[in-house]
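1. got a predicted model here, sequence first, then my questions.
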Amino acid sequence: MGNGDTRVRGLAARAGGWSARHRWAAVGIWVLFVVLAMGLGSAAGRVDVKDSDQLKGETHTAAKIIEDAGIDEPASETVLIQAKDAGGKATDADFKAAVTAVVKAVEGTGKVTDVTSPYDTKTISKDGRSALVQFDVRGEADTAGDRIEPVLKAVEGVQKEHTSLRIEEIGGASMMKTFSDAFGDDFEKAELSAVPVALGILLIAFGALVAAFLPVLLAVSAIMATMGLMGIVSHVMPMSDTANSVMLLVGLAVGVDYCLFYLRREREERQAGRDPQTALRIAAATSGRAVIVSGVTVCVAMAGMLFTGLAEFEAMGLASLMVVAVAMVGSVTVLPALLSLLGGRVEKGKIPFLHPESRLRRKRGVNPESRFWTAVLKGVLARPGISVVVAAGALLAIAAPALGMKTQNLTLDQQFGDSLPIVQTYNRVNDAFPGGSEPAEVVVKAADINAPEVTGALADFKAQAISSGASRGPVEVKLHDAQNLAFVYVPLVGGSDLDKAGQSLEKLRDEVRPATLGKVDGVQAPITGQVAGSADFNDQLAGAVVPVFAFVVVFAFVLMLLSFRSLTVAITSIVLNLLSVGAAYGILVAVFQHGWGASLVGAEGVGAIITWLPLFLFVILFGLSMDYHVFVVSRIREARLRGRTTKDAIQHGVVTTAGVVTSAAVIMVAVFAIFGTLSMQSMKQMGVGLAAAVLIDATIIRGVLLPAVMALLGERNWYLPKWLHKLPDLTHDEAADAVAAPVARDDEGEPLRV
C-alpha cells in the first residue's frame with residue numbers, strides 16, 4: 001500500500017479526513033464555536049455556588065434558614081487586647097484605657113457597627129490578661145476585605161499609643177485582606193506562567209515555533225470556549241472560582257497532550273517519507289483514535305465527581321469534563337485542518353540545535369528521543385519478571401505511608417504557617433479563648449422566638465453548653481425578632497485542634513441540644529460554623545468515596561475493554577493506574593503528614609492531608625494517567641496488527657511513543673509543580689501530588705512496569721473470552737487498512753486479529 005488514498009473507518013479518521021478536505025470550514029466552525037461560547041457565556045454571566053448549597057446536612061440547613069430569612073450575616077471582627085507582662089490584667093487602668101481607645105477608634109471609622117466592650121460581654125480570659133473587643137463590618141460580608149483597611153489602621157494607631165499591651169485585629173474581613181495582599185497574586189501568576197512554561201518545553205520538543213505554538217493555541221482556545229460554556233451551564237449547575245482554576249489546569253494539561261500526540265505522529269510519518277496527505281490520515285486513524293479513547297475515559301473519570309453530592313466537587317467535575325471534551329473535539333477536527341493548511345510550514349521558525357531534522361537525516365524515521373528508552377526496554381524485556389518485582393515493589397513501598405493517611409480541613413496555621421502576623425494573632429486568640437475565633441453557630445428558628453418556652457430553652461442551652469464541657473464560654477445570643485431567629489455563638493473547647501473541637505461539637509449536637517432546644521415543639525436548631533462545616537464535609541465525603549471509586553473504575557474498565565477488545569488489557573490498565581494513584585498518596589503522606597523532605601517544598605509542620613484532596617486526586621489522576629496508557633497501548637496493538645511479535649510490538653510501541661510521552665509528562669509536571677510553589681498548603685499539596693503522580697506514571701509505570709507485565713503475558717495480552725465477542729467493536733480505527741502499511745494476514749489469508 002503506497003501513498004495513495006485509502007478509505008478508513010472510525011470516528012477519529014473520518015473527522016480528520018473531513019477536516020483536511022474542508023480545512024477552512026473546519027477552522028471557521030471552530031473559531032465561531034469559541035467566539036459564540038465566550039459571547040453567550042459573558043452575556044449569561046456565571047452563577048456561583050451559594051453558601052447554602054455548599055454542603056448537605058446541618059450546615060446546609062442552617063445556611064438555608066438564614067438565606068430564606070433574608071439575613072445577610074456581616075463579617076465579624078475581633079480586636080485582641082493582651083498584656084505583654086504576666087502581671088498585667090484587664091482590670092488595670094491602662095488596660096481599660098486601651099479598650100476605650102479601641103472602641104472609639106473603630107467606631108470613628110464609620111465602617112463598623114455593633115461594637116461591644118469586653119467588660120459588657122464578659123469576653124475576658126480566665127487569667128485576666130486578655131480581652132476581646134468585637135464588632136461587625138458594614139456592608140456585604142463577601143466584600144468586607146475591601147473596606148477593612150481604615151479599621152486596621154485605626155487599631156494600629158491605638159497599638160502605637162499603648163506599647164505595654166498587644167493590640168491586634170483578626171476576623172473574616174481582616175483575614176480576607178491579609179491573604180489577598182499576600183497570596184492574591186499567587187494563583188494569577190501560576191496560571192499565567194503555566195502557558196509560557198508549556199510553550200518553552202514544546203519548543204525544545206519540536207524545535208520549531210509553529211509546531212510548538214499549535215498545541216498551546218488549541219489548548220488556550222479550548223479553555224476560552226469552556227469558560228464561556230461554564231457561564232451558560234452555571235445557570236443549571238452553579239460554578240465557582242475553584243472550578244475555574246481546576247479547569248485551567250486540566251484544560252492546559254490535556255489540551256496540549258492531545259495535540260502533542262496527534263502532531264508528533266503526523267510529523268513522524270512525514271519524516272518516514274509519507275506525503276503530507278497520507279501522514280495526516282495515519283495520524284487521524286491512530287493518534288486521533290487514542291485521543292478519543294483517552295478523552296472519553298478522562299471525561300468518565302471527571303464525571304465521578306458528580307456523585308459526591310458536594311456542590312464544589314460537582315462544579316469542578318463538570319468544568320473539567322467540559323474542557324476535556326472540548327479539547328478532544330478540537331484535537332481531532334480543527335488540528336487536522338490546521339496541519340493540512342500549514343503543510344510543510346508547520347516546521348517554520350526552526351530553532352538551531354533543537355530541530356531534529358539534522359539528527360534524522362542519517363536515521364530517517366527513527367525517533368531521536370528513543371535511545372534512552374531503547375536501552376531501558378532492552379533490560380526490561382530481557383528480564384520482565386525481575387522488572388515487575390522491582391518496579392511494583394518500589395511503588396508499593398512508596399505507597400505504604402498512605403495506609404496511615406490522616407485527613408482534615410487545615411487550620412489557619414497549618415495552611416499558612418507562622419509567616420503572617422495574623423496567623424500568630426489567631427493562635428493567641430485561640431490560646432486565650434479556646435474556640436473563640438471560630439465558634440459554633442446555632443441557628444434557632446421558632447414560630448415565636450420570644451415565647452417563654454423558647455427563651456427558657458435558649459437559657460438552658462447556654463448553661464448546659466458550658467456545664468457539659470463543650471464550651472468554656474462566653475456563649476453569646478443575638479436575636480432577630482422580625483425573622484423569629486436567634487444566633488447562638490458557642491466557643492468550642494479544643495479551639496484550633498479540630499479533633500478536640502469536633503468532640504465538643506458532638507456534645508452540643510448529641511447531648512446539649514436534645515436536652516434543651518430539642519424539647520420545644522417546632523424549633524429548628526441546626527449547628528454550623530467552621531468546625532461543623534468540616535465535620536459535615538468529612539461525613540459527606542466519606543459517604544461518596546465508594547460510589548465515586550466504583551463508578552470511575554467500572555466505567556474505565558468497560559471503556560478499555562471496548563476500545564481494545566482485550567480483557568487482559570482492561571484489567572492491567574486499572575491495576576497499573578491504581579498503583580500510580582497509591583504511590584501519589586504515599587508521597588503526599590510522607591511529605592505533608594510525616595514531614596519527610598517537607599523543607600524542600602516548604603511544608604513543615606502541616607501534619608495532615610486536606611480532606612478533599614485524596615478523592616480529587618484519584619479522579620484527576622485516574623483520568624490523566626489514561627492519556628499515556630491509551631497512547632502507548634494503542635501503538636503496541638497497532639504494531640501487533642502489522643504482524644510483529646508481541647515482544648517486538650511492545651518494544652516498538654514504548655520506544656516510538658517515548659518522546660511524546662516524555663514531552664507531555666514534562667509539561668504536566670512543570671505546570672503542576674508551579675502550583676506546588678504556592679503558599680497555601682492545600683494548593684501545594686495538590687500541585688506536589690499531581691506532579692509526583694504524573695512523573696511516576698510516565699516513567700516507572702509506562703516505561704518499566706507496563707512493558708514488563710505485557711512481556712510476561714505474551715499473547716494473553718489480547719485475550720477476550722468467547723462470551724464477550726458480542727461486545728461492540730470500537731477497535732476499527734486501528735485496523736491495518738487505516739495506515740499505509742502492509743496488512744498482516746493469518747494462514748487462511750484473513751487479516752490478523754488481536
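-> Right, received. Where do you want to start?
2. from here on, contacts and neighbour counts on C-alpha atoms
-> Fine.
3. leaving out chain neighbours, which residue sits closest to A101?
-> V158 (6.6 Å; C-alpha to C-alpha, 6 or more residues apart in numbering).
4. is V79 in a helix, a strand, or coil?
-> At V79 the chain is in strand, as set by DSSP: H, G, I helix; E, B strand; the rest coil.
5. and it, how many neighbours does it have?
-> 24 (other C-alpha atoms under 10 Å).
6. same check on L318?
-> Around L318 there are 25 residues (other C-alpha under 10 Å).
7. make sure it is indeed in a strand.
-> No: with three-state DSSP as the criterion, L318 is helix rather than part of a strand.
8. ok, F313 touching L306?
-> Yes: contact criterion C-alpha atoms under 8 Å: F313 and L306 qualify, at 6.9 Å.
9. higher neighbour count, these two?
-> Neighbour count, other C-alpha under 10 Å: between F313 and L306, F313 has more, with 25 against 19.
10. which of the helices or strands spans I292?
-> Using DSSP states H and E, I292 maps to helix 287-303.
11. chain center to that helix, what's the gap?
-> In terms of C-alpha atoms, centre = their mean, to the nearest Å, the centre of helix 287-303 is found 18 Å from the chain centre.
12. and for stretch 212-225?
-> Here stretch 212-225 is found 20 Å from its chain centre; the criterion is C-alpha atoms, centre = their mean.
13. average pLDDT for it, rounded please.
-> Mean pLDDT, taken over the full extent of stretch 212-225, equals 91.
14. tally of neighbours for the residue nearest to A101?
-> 21.
15. so where's the stretch 651-754 of the chain uncertain?
-> Counting by pLDDT under 70, the stretch 651-754 of the chain contains low-confidence ranges at 730-754.
16. ugh, wrong one, I meant the chain
-> For the chain (pLDDT under 70), the answer is 1-10, 51-54, 182-189, 191, 352-370, 418-419, 435-437, 496, 730-754.
17. centroid residue for the protein?
-> Residue closest to the mean C-alpha point of the chain, counted by C-alpha atoms, centre = their mean, is V246 at 5.2 Å.
18. host element of that residue?
-> helix 241-271.
19. C-terminal to that helix, what's the next element?
-> Counting by DSSP H and E, what follows helix 241-271 is helix 276-285.
20. relative to helix 287-303, how tilted is that following helix?
-> Interaxial angle of helix 276-285 relative to helix 287-303 (axes from the mean of the first three to the mean of the last three C-alpha atoms, to 10 degrees): 30 degrees.
21. put the alpha carbons of helix 276-285 into CSV.
-> Coordinates of each C-alpha in helix 276-285 appear next as CSV, following Å, rounded to 0.1, in the frame of the first residue of the first chain:
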residue,chain,number,x,y,z
PRO,A,276,1.5,15.1,3.9
GLN,A,277,-1.9,13.7,3.0
THR,A,278,-1.1,10.1,4.0
ALA,A,279,0.8,11.2,7.1
LEU,A,280,-2.2,13.2,8.2
ARG,A,281,-4.6,10.3,7.5
ILE,A,282,-2.4,7.9,9.5
ALA,A,283,-2.2,10.3,12.4
ALA,A,284,-6.0,10.6,12.4
ALA,A,285,-6.6,6.9,12.3
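22. what's that helix packed up against?
-> helix 11-21, helix 241-271, helix 334-342 (3 or more C-alpha pairs under 8 Å, 6 or more residues apart in numbering; DSSP states H and E).
23. sorry, back to before: helices or strands next to the helix holding I292 in the packing?
-> So helix 287-303, by 3+ C-alpha pairs under 8 Å, 6+ apart, packs with helix 11-21, helix 241-271, helix 311-332, helix 530-564, helix 613-641.
24. pick the most buried one from those helices.
-> Greatest average neighbour count among the helices and strands packed on helix 287-303 goes to helix 311-332 (a mean of 26), per mean count of other C-alpha atoms under 10 Å.
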